[in-house]
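Enquirer: Provided below are the primary sequence and the corresponding predicted coordinates.
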Amino acid sequence: MSPETVAVDSEHHPIQHVYLPAGPCRVSQTALRQTENREYLDKQINILRQSELPGKEHAEQYLSHLYRKNCRSGTIEANQISIRMFLKFIGDQQGIIHLDQVTRRSIEAFVEHEQDRGLKAKTVSVRLMVVHAFLRFLVEGEVIDPNVLRKKIRVKVPEALPKAIEPENIKALFALIDHVRDRAMFLMLLRTGMRIGELLDLKIAEVNLKEKKVNIYEAQKTRVGRVVYFSDDAKEALGCWLKARDPEKEFVFYGQGRNRLGYTGAQVRFEKYIEAAGLSAKGYTIHCLRHTFASELLNAGMRLECLQPLLGHTSLEVTRRYARLTDRTREEEYFRAMAIIEKGAAGGHYRFDH
């Protein structure tokens with residue numbers, strides 16, 4: 001029985017690793033997940049086989065390569081879609097029959113085609129990354145000329161700020177959430193910073209109500225385990241739900257008549273409360289609760305090095321985005337300096353009043 005590694009933070013070592021025993025139930029779940037992934041791979045390969053795409057046999061080999069690397073089924077599907085669209089484009093628009101005919105211009109033309117379709121820059125960039133990885137696989141297999149990837153094409157993606165919910169809006173929102181399951185679910189998202197998929201995958205054995213912490217054995221996005229903590233108000237809400245829920249259900253949060261609540265169901269419930277609170281125009285999504293968690297902790301003085309493992313970020317630069325959103329020191333310095341300017345103490349009177 002092999003242990004599983006979970007990242008935790010401490011005062012002197014921002015990211016450590018502790019070992020959580022896998023247990024027989026985790027092993028059986030892993031075997032089940034592997035079987036499901038194999039079936040999913042076969043499904044994606046079958047989609048390619050039924051098409052008339054140039055080089056589809058190489059695409060099948062690449063998907064199998066991703067499966068051997070233990071990529072998630074969702075990742076394999078996303079790669080299949082992007083590669084299929086690329087192969088269809090070069091076949092229909094450029095008349096390419098064999099992949100050794102692919103050139104740098106083929107990639108540039110595909111990017112332009114996707115942009116002309118009105119896709120967002122981030123979507124085009126992700127699709128391009130998939131194509132680059134696929135072509136690199138073909139270069140290693142000596143299928144295409146290495147010069148095709150000599151200098152990668154880049155799509156500049158706007159770096160938007162994370163969208164946190166304003167404190168007064170958070171209060172208005174939670175004042176309306178009286179459903180015992182929904183209150184526990186959304187308060188756990190707000191107080192732990194978990195991704196919605198991680199929360200919906202949560203099982204009873206992974207929650208320690210007494211110590212107010214959750215063991216995430218495998219993060220939804222990075223696949224790196226971690227420990228997160230929750231507050232007293234979240235503990236109270238979760239405790240009420242644990243008393244009311246069906247003990248026979250496998251997951252902590254489940255839908256009516258179902259073993260697991262899906263993302264769409266959770267999002268619909270969230271939007272219902274957002275609308276009731278009169279906040280629809282704000283554009284808040286359920287993921288904004290995670291952004292709010294991060295910004296509030298930074299405002300309260302938590303160091304980025306401690307916040308990083310709580311959010312499950314593999315890079316501190318990703319966490320640093322929240323510092324741009326919530327830098328109270330910069331804000332206070334700005335208003336202090338502006339007050340001096342408006343008073344005329346910085347060389348002149350610059351306050352403009354009616």
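Expert: The structure has been received and is ready for your questions. Since the model is a prediction, treat every value here as computed from it, not as a measurement.

Enquirer: mind listing what's buried in stretch 118-133?
Expert: Neighbour-count burial for stretch 118-133 flags Thr123, Val124, Ser125, Val126, Arg127, Leu128, Val130, Val131 (criterion: 16 or more other CB atoms under 10 Å). Placement of C-beta: from N, CA and C, glycine included.

Enquirer: Out of these, the closest to Met188 would be?
Expert: Set against Met188, the nearest of the buried residues of stretch 118-133 by CB to CB is Val126 (29.1 Å).

Enquirer: so which strand or helix has the closest one?
Expert: Using DSSP states H and E, Val126 sits in helix 121-140.

Enquirer: For His179, grab the count of nearby residues.
Expert: As a burial measure, His179 scores 14 neighbours (other CB atoms under 10 Å).

Enquirer: contacting residues around it?
Expert: Residues near His179 by CB atoms under 8 Å, 6 or more residues apart in numbering: Arg269.

Enquirer: Just want to check the distance between it and Arg72.
Expert: His179 is 31 Å from Arg72, where distance means CB to CB, to the nearest Å.

Enquirer: cool, Thr285 as well?
Expert: Per CB to CB, Thr285 is found 22 Å from Arg72.

Enquirer: So what's the gap between the helix holding Val126 and the chain middle?
Expert: How far helix 121-140 lies from its chain's middle: 19 Å, per CA atoms, centre = their mean, to the nearest Å.

Enquirer: cool, and stretch 267-282?
Expert: Averaged C-alpha coordinates place stretch 267-282 at 21 Å from its chain's average position (CA atoms, centre = their mean).

Enquirer: Buried residues, that stretch. List them.
Expert: So stretch 267-282, judged by 16+ other CB under 10 Å, has buried residues Arg269, Phe270, Tyr273, Ile274, Ala277, Leu279.

Enquirer: So which of these is the closest to Ser106?
Expert: After measuring the buried residues of stretch 267-282 against Ser106 - CB to CB - the closest member comes out as Phe270, at 42.5 Å.

Enquirer: quick check: domain ranges of this protein?
Expert: If you go by automatic domain parsing, the domain ranges for the chain are 25-149, 167-330.

Enquirer: Minimum distance to Lys156: which of those has it?
Expert: Shortest distance between Lys156 and these, using CB to CB, is found for domain 25-149: 6.9 Å.

Enquirer: which helices and strands sit right next to the strand or helix carrying Tyr62?
Expert: If you go by DSSP H and E, Tyr62 is part of helix 56-68. Where contact means 3 or more CB pairs under 8 Å, 6 or more residues apart in numbering; DSSP states H and E, helix 56-68 is packed against helix 23-49, helix 73-92, helix 121-140.

Enquirer: mean confidence for the helix or strand following the last one?
Expert: Spelled out, it's helix 121-140. As assigned by DSSP H and E, the chain's next helix or strand after helix 121-140 is helix 167-174. Mean per-residue pLDDT for helix 167-174: 95.

Enquirer: which residues touch helix 167-174?
Expert: Helix 167-174 is contacted from outside by 165, 183, 186-187, 190, 273-274, 277-279, 282, 284, 292, using CB under 8 Å, 6+ apart.
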